[in-house]
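Undergrad: Requesting a structural model of the entry that follows:
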Amino acid sequence: MLSTMQDVPLTVSRILSHGTTMHASSLITTWTGEAEPQRRTFAETGARAAQLAHALRDELGITGDQRIATLMWNNAEHVEAYFAIPSMGAVLHTLNLRLPPEQLVWIVNHAADRVVIVNGSLLPLLAPLLPHLPTVEHVVVSGAGDRSVLADAQAQVHDYEELIAGRPEEFDWPELDERSAAALCYTSGTTGDPKGVAYSHRSVYLHAMQVNMAQSMGLTDEDTSLIVVPQFHVNAWGLPHATFMTGIGMLMPDRFLQPAPLAEMIEREKPSHAAAVPTIWQGLLAEVTARPRDLSSMRQVTIGGSACPPSLMEAYDKLGVRLCHAWGMTETSPLGTMARPPAGLSAEEEMPYRLTQGKFPAGVEARLIGPDGKALAWDGVSAGELEVRGPWIAGGYYGGAEGETVRPEDKFSEDGWLKTGDVGVISPDGYLTLTDRAKDVIKSGGEWISSVELENALMAHPEVAEAAVVAVPDEKWGERPLATVVWKDGAKAELAALKDFLAGRIAKWQLPERWSVVEAVPKTSVGKFDKKVIRKQYADGELEVTRI
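TA: Sure thing, here's the model as predicted:
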């Protein structure tokens with residue numbers, strides 16, 4: 001028996017149409033670094049998205065599922081591309097502007113991008129790459145920038161505003177297959193070549209609905225979200241799509257991502273929500289500690305990308321800003337868990353739940369797999385690799401111009417579950433606690449040491465700004481932890497005292513013997529600690545290591 005329900009495709013164009021009609025007056029505010037930011041309503045954004053679609057089709061010849069790349073900051077024009085490109089049937093390909101040049105070249109060529117839309121301030125990054133990008137036929141420049149660097153470009157160069165000017169403000173969006181690709185993101189390529197994840201219209205739609213659930217981010221049209229997480233980082237965690245569903249205002253920082261302008265944005269524009277990785281909030285905390293600013297509008301922050309140190313969460317609690325852990329990855333769109341504590345608990349009782357990665361929402365199934373390949377119990381003790389599946393979870397990787405799906409055995413199980421590479425436990429009531437990445441766990445004398453647990457304990461010290469722990473070879477134990485620490489400005493702590501501090505929080509056998517003070521912990525393109533760099537620095541003798 002079939003249902004009697006209408007079969008209406010879940011597409012990005014329907015999110016766009018809803019946002020521009022039901023929430024026409026909601027605002028996208030883009031920070032300009034000047035006295036007044038740029039403000040654009042959802043209705044105006046929809047009209048300009050239609051103009052962009054006309055320009056791409058009529059002027060640049062985009063008529064099918066060609067890939068169109070964006071090399072852009074978080075701003076209103078990027079949101080226009082977010083909706084115009086997939087709604088017309090093409091595929092949005094967001095480029096991570098922090099990747100090394102050789103990886104950007106590899107990604108653009110693998111995706112066979114036809115057009116690149118770029119912010120003018122990023123032309124010095126794009127121009128040297130263009131001779132190595134044979135598929136790119138058009139470059140569309142948005143905003144101010146030195147266009148002379150494109151003088152020798154083989155691709156045709158267009159000005160964004162001139163390209164869309166005078167074109168119709170409505171577009172007859174085609175009725176697409178909801179399972180067709182809407183957007184393409186590549187992993188950061190920390191091991192091997194980057195891998196492409198092609199999100200479907202259906203997955204984008206369902207993921208945006210889950211973002212808006214009360215037990216997820218739970219935002220409404222009374223909220224404004226400061227979207228610091230880059231639009232090239234897993235579709236800005238789904239927020240541009242979620243906002244058009246519910247009318248949430250967007251505050252976009254553009255290129256002004258330093259702590260001081262972020263503090264000014266919050267004080268002046270008074271967003272109620274924000275989303276970014278922990279390193280952003282560590283920098284902002286240092287800024288407002290040195291130069292107090294009014295953060296009282298911020299009722300919650302979604303924090304993900306890596307584990308949030310408890311000390312950071314507690315510091316923001318004192319400022320009246322509640323940090324909420326989320327876990328996800330490029331392959332999960334990215335929403336995989338949110339750490340909402342059970343109802344009815346005191347602040348003290350809530351904290352252990354807040355420090356987990358959270359519960360799995362409806363739509364995400366999870367299991368833990370032990371070293372023997374068998375599923376483990378959700379008992380809060382049994383640790384294994386997390387595997388997930390669901391309607392916004394990748395089932396493979398984009399195979400390049402031929403379009404086939406690639407499913408590496410180390411990334412997907414035989415029955416199709418995604419192997420996340422994260423190691424952790426799940427409590428009987430479904431809360432996930434990640435203890436490490438499978439590649440970062442320290443295997444010492446037949447026992448596992450969690451690098452994340454050591455890092456959190458170190459960053460609880462009042463004079464430690466950052467800490468990263470990696471496994472290094474040891475003749476006796478196989479591997480032992482190396483702790484690299486960054487002192488706060490003006491700190492004069494001693495490493496021996498820091499080890500004593502750690503001894504009160506960590507089992508004695510887990511305490512590092514090797515220590516190194518560094519100016520900054522190296523980070524990946526999305527702000528995570530880049531531990532492979534630390535391991536190489538140690539192997540090459542580049543770190544000054546003290547044994548205690």
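Undergrad: can I assume residue 353 sits in a helix?
TA: Yes: following the definition DSSP: H, G, I helix; E, B strand; the rest coil, residue 353 is counted among the residues of a helix.
Undergrad: got the contact list for residue 94?
TA: If you count contacts by Cβ atoms under 8 Å, 6 or more residues apart in numbering, residue 94 has them with 69, 70, 183, 184, 185, 231, 232, 235. For the C-beta atoms, the positions are set from N, CA and C on the backbone; glycine is no exception.
Undergrad: Can you tell me which helices and strands the helix or strand hosting the third one packs against?
TA: In this case it means residue 183. Per DSSP states H and E: residue 183 is located in strand 181-186. Judged by 3 or more Cβ pairs under 8 Å, 6 or more residues apart in numbering; DSSP states H and E, strand 181-186 is in contact with helix 76-87, strand 91-94, helix 101-111, strand 196-200, helix 201-211, helix 234-237.
Undergrad: And the contacts of it?
TA: Taking contacts as Cβ under 8 Å, 6+ apart, the residues outside strand 181-186 that touch it are 11-12, 65, 67, 82, 86, 91-94, 96, 107, 110-111, 194-201, 203-204, 232-235, 330, 398.
Undergrad: Report the contact partners of residue 241.
TA: Contact analysis of residue 241 by Cβ under 8 Å, 6+ apart lists 12, 15, 82, 204, 205, 207, 208, 211, 235.
Undergrad: any idea how far it lies from residue 13?
TA: 12 Å (Cβ to Cβ, to the nearest Å).
Undergrad: same thing with residue 255?
TA: Between residue 255 and residue 13 the distance is 29 Å, computed by Cβ to Cβ.
Undergrad: who does residue 375 bridge with?
TA: The partner list for residue 375 in beta bridges (DSSP bridges) reads residue 369.
Undergrad: low-scoring stretches of the stretch 151-300 of the chain, by residue?
TA: For the stretch 151-300 of the chain, the stretches flagged by pLDDT under 70 are 189-192.
Undergrad: typo on my end, the chain
TA: Low-confidence segments of the chain, defined by pLDDT under 70, are located at 189-192, 401, 446.
Undergrad: Could you rerun that using 80?
TA: Low-confidence segments of the chain, defined by pLDDT under 80, span residues 188-192, 401-403, 438-439, 445-448, 490, 492, 525-527.
Undergrad: So which of the helices and strands packed on strand 181-186 is nearest residue 121?
TA: When those are compared for distance to residue 121 using Cβ to Cβ, the nearest one is helix 76-87, at 12.3 Å.
Undergrad: Please work out the angle formed by the directions of the closest one and helix 201-211.
TA: For helix 76-87 and helix 201-211, the angle between their directions (axes from the mean of the first three to the mean of the last three Cα atoms, to 10 degrees) works out to 130 degrees.
Undergrad: mind checking how far the nearest residue to residue 142 once chain neighbours are set aside is from residue 263?
TA: Counting by Cβ to Cβ, 6 or more residues apart in numbering, the nearest residue to residue 142 once its immediate chain neighbours are dropped is residue 160, at 3.8 Å. Distance of residue 160 to residue 263, computed by Cβ to Cβ: 30 Å.
Undergrad: re the thing from before, quick one: strands adjacent to the strand holding residue 183?
TA: Using DSSP bridges, strand 181-186 pairs in its sheet with strand 91-94 (parallel), strand 196-200 (antiparallel).
Undergrad: centre of the chain versus the shortest one, how much separation?
TA: The chain centroid and the centroid of strand 91-94 are separated by 16 Å under Cα atoms, centre = their mean, to the nearest Å.
Undergrad: Pull it out as CSV, backbone CA atoms only.
TA: The C-alpha atoms that make up strand 91-94 are tabulated as CSV, following Å, rounded to 0.1, in the frame of the first residue of the first chain:
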residue,chain,number,x,y,z
VAL,A,91,26.5,22.5,-7.8
LEU,A,92,27.9,25.0,-5.3
HIS,A,93,31.6,24.2,-4.5
THR,A,94,32.9,26.2,-1.6
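Undergrad: which of the residues in it are buried?
TA: Using 16 or more other Cβ atoms under 10 Å as the burial criterion, the residues of strand 91-94 that qualify are 91, 92, 93, 94.
Undergrad: The second one contacts residue 72, correct?
TA: This means residue 92. No: distance between residue 92 and residue 72: 11.0 Å, which falls outside the contact criterion (Cβ atoms under 8 Å).
Undergrad: what is in contact with the two at once?
TA: Listed contacts common to residue 92 and residue 72 are residue 81; contacts here mean Cβ under 8 Å, 6+ apart.
Undergrad: Just give me the neighbour total for the residue nearest to residue 142.
TA: The number of residues packed around residue 160, counting by other Cβ atoms under 10 Å, is 21.
Undergrad: Torsion angles phi and psi at it?
TA: Backbone geometry at residue 160, expressed as degrees, to the nearest 10, gives phi -50, psi -50.
Undergrad: so how far is residue 80 from it?
TA: The gap separating residue 160 from residue 80 is 9 Å, by Cβ to Cβ.
Undergrad: got a list of what the residue most central in space within the chain touches?
TA: Centroid check for the chain by Cα atoms, centre = their mean gives residue 233 as the closest residue, at 4.2 Å. Residues touching residue 233, when contacts are defined by Cβ under 8 Å, 6+ apart, comprise 96, 185, 305, 526.
Undergrad: So which of those is the closest to residue 286?
TA: When these are compared for distance to residue 286 (Cβ to Cβ), residue 305 wins out at 18.4 Å.
Undergrad: Now name the helix or strand holding that closest one.
TA: In this structure, residue 305 sits in neither a helix nor a strand according to DSSP H and E.
Undergrad: Could you check how far it is from residue 344?
TA: 30 Å.
Undergrad: ok, now residue 212?
TA: Between residue 212 and residue 344 the distance, using Cβ to Cβ, works out to 24 Å.
Undergrad: Could you do residue 359 as well?
TA: From residue 359 to residue 344 the distance is 16 Å (Cβ to Cβ).
Undergrad: who has more neighbours, those two?
TA: In terms of neighbours (other Cβ under 10 Å), residue 359 is the more surrounded of residue 359 and residue 344; the figures are 22 against 7.
Undergrad: Cross-check the contact I'm expecting between the more buried one and residue 432.
TA: Yes: taking contact to mean Cβ under 8 Å, the distance of 7.4 Å between residue 359 and residue 432 places them in contact.
Undergrad: So for these two, which residues contact both of them?
TA: When Cβ under 8 Å, 6+ apart defines a contact, the residues bordering residue 359 and residue 432 alike are residue 337.
Undergrad: Touching whichever strand or helix holds residue 45 from outside, list them.
TA: Using DSSP H and E, residue 45 sits within helix 42-54. Residues from elsewhere that reach helix 42-54 (Cβ under 8 Å, 6+ apart): 16-17, 19-21, 23-28, 40, 76, 79-81, 83-85, 87-88, 163-165, 167-171, 173, 244, 247.
Undergrad: Can you say which of those residues are buried?
TA: Restricting the contacts of helix 42-54 to buried positions leaves 16-17, 19-20, 23, 26-28, 40, 76, 79-81, 83-85, 87-88, 163-164, 167, 171, 173, 244, 247, with burial counted as 16+ other Cβ under 10 Å.
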